[in-house]
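# need a 3D model of the following:
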Amino acid sequence: MEDIPNKIRNSMGIICDVQLEDENGKKYISIKVNPYSIPVSLRGRYYYRTGSTTTELTGIELNEFLLKKAGKTWDDVIEEGATLEDIDTESLSKFIEESQGKGRMPDTEGLNTKEILDKLRLTEKDKLKRAAILLFGKDPNKFYPNIQVKIGRFEKDATDLKFQEVVEGNLVYMIEEVQIQLNHKFLTRSVSFEGMKRIEKEAYPIDALREMLLNALVHRTYMGASVQMRVFDNKLSIWNEGTLPLGLSINDLMQEHNSRPRNPIIAEACFKAGYIDTWGRGISKIINSCKAAGLPKPKITEKDGGILVEIYKEEQVTPQVTPQVTPQVTPQVKRLLCVLTTNMGRKELQEKLGLSDREYFRLKYLQPALELKLIEMTIPEKPKSSKQKYKLTTLGKSFIEKKETVNEE
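Down below sits the predicted model:
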């Protein structure tokens, strides 16, 4: 009777009521523990139980758990070292401008910076919250590490990096700047012509890209690694640190589910600006946008302590020409094979395909077809010869014949 409460206090730091009970002539010990509003540790460690699984909380998860028990989230904490001088008024003005017509923002006309931040619930006791710095700070990285989005262009796999850009700044700035960088440097538009009219098709739906970026920025763990985007020939991925809330699975994300933002203060501000809708529809928007554009279904996985979202271009076709060869043929290469009826030079092929961009033709059409040995040079010993032409190989002819047979059937 003396030993049990001492052991509980020493192991868990809590006080319990231990009584010797007697029922129907049988004695037993009852231990009564009142609810605690603060987290309780076992020998200095914290555990969380969900279903039949007990998980030890460490690092970022432990920090978020302790904040939650205190009735706070990471973005709701006061940043003691921040002042109004750290707020970028241009970003704040842009935020208000983009909220126009959404009907979600409180009236801010005639208010100064401090009063607007008060209206957005980004202050407490005349001090700025972390969310204010992340949304509108002149230099958020002065306060927190890795407030940035890293974008890399890769070739064959994630080890084959060609070039990269790092976009850092507040959320209002990054939401726009990342999309600009993607369009100008990382994504290639397919080009076609209708008569004299040049038509450019986006590689991926803008709505899907924007929603992926917003999800990553709003729901990431801000004391972890930066958001990372990888652009490949056939897919684009975005990863943010931060696991799913306890009780929410990847399967839940793929269907109707309730919104449970990791950073609710940031999410609320983004909702008021019209960036997000706070109804847990982000993933559904990405899936539906890709479906409407005729693209494959996106893939979502938990990886390296975070969430990875991948979207893909057109389905790739794997022709069964011979048992020993199974090259992956893209729609661009298929078009090239179909127009290459005789020996043709580069310029003639581009005209047949309606392409004016020489580099795009080389990267998307010519080079892949050569690597798959579906076409070959007529003067292989002089690759850069002005008289160079291209012709179908035996493998290329077999592919065309098989394609025609399938079409006839």
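# how many neighbours does residue 223 have?
If you count neighbours by other Cβ atoms under 10 Å, residue 223 ends up with 15. Bear in mind the C-beta positions are built from the backbone N, C-alpha and C, glycine included.
# let me fix that: residue 44
8.
# for residue 16, see how far away it is.
19 Å (Cβ to Cβ, to the nearest Å).
# distance check, the closest residue to residue 364 other than its chain neighbours against residue 363.
Nearest non-adjacent residue to residue 364, counting by Cβ to Cβ, 6 or more residues apart in numbering: residue 332, 4.6 Å away. Distance of residue 332 to residue 363, computed by Cβ to Cβ: 9 Å.
# between those two, which is the more surrounded one?
Under the criterion of other Cβ under 10 Å, the comparison of residue 332 against residue 363 puts residue 332 first, with 20 against 14.
# what secondary structure does the more buried one sit in?
Under the three-state scheme (DSSP: H, G, I helix; E, B strand; the rest coil), residue 332 adopts helix.
# that one contacts residue 365, correct?
Yes. Counting by Cβ atoms under 8 Å, residue 332 touches residue 365, with 5.1 Å between them.
# tell me which other helices or strands the strand or helix carrying residue 48 touches.
If you go by DSSP states H and E, residue 48 is part of strand 46-50. Applying 3 or more Cβ pairs under 8 Å, 6 or more residues apart in numbering; DSSP states H and E, one finds that strand 46-50 makes contact with strand 53-57, helix 59-69.
# confidence-wise, which of these is weakest overall?
The minimum mean pLDDT among those belongs to helix 59-69 (a mean of 73).
# and it, what's buried?
Of all the residues in helix 59-69, those buried under the rule 16 or more other Cβ atoms under 10 Å are 60, 61, 62, 64, 65.
# give the contact list for the last one.
In this case it means residue 65. Taking Cβ atoms under 8 Å, 6 or more residues apart in numbering, we find residue 65 in contact with 39, 46, 48, 57.
# quick check: the farthest pair among these?
Using Cβ to Cβ, the two most remote members of those are 39 and 48, lying 9.7 Å apart.
# quick check, residue 228 in contact with residue 236.
No. The pair residue 228 and residue 236 does not pass the contact test of Cβ under 8 Å, sitting 11.6 Å apart.
# so the two - more neighbours on which side?
Using other Cβ under 10 Å as the criterion, residue 228 and residue 236 rank with residue 236 on top: 23 against 20.
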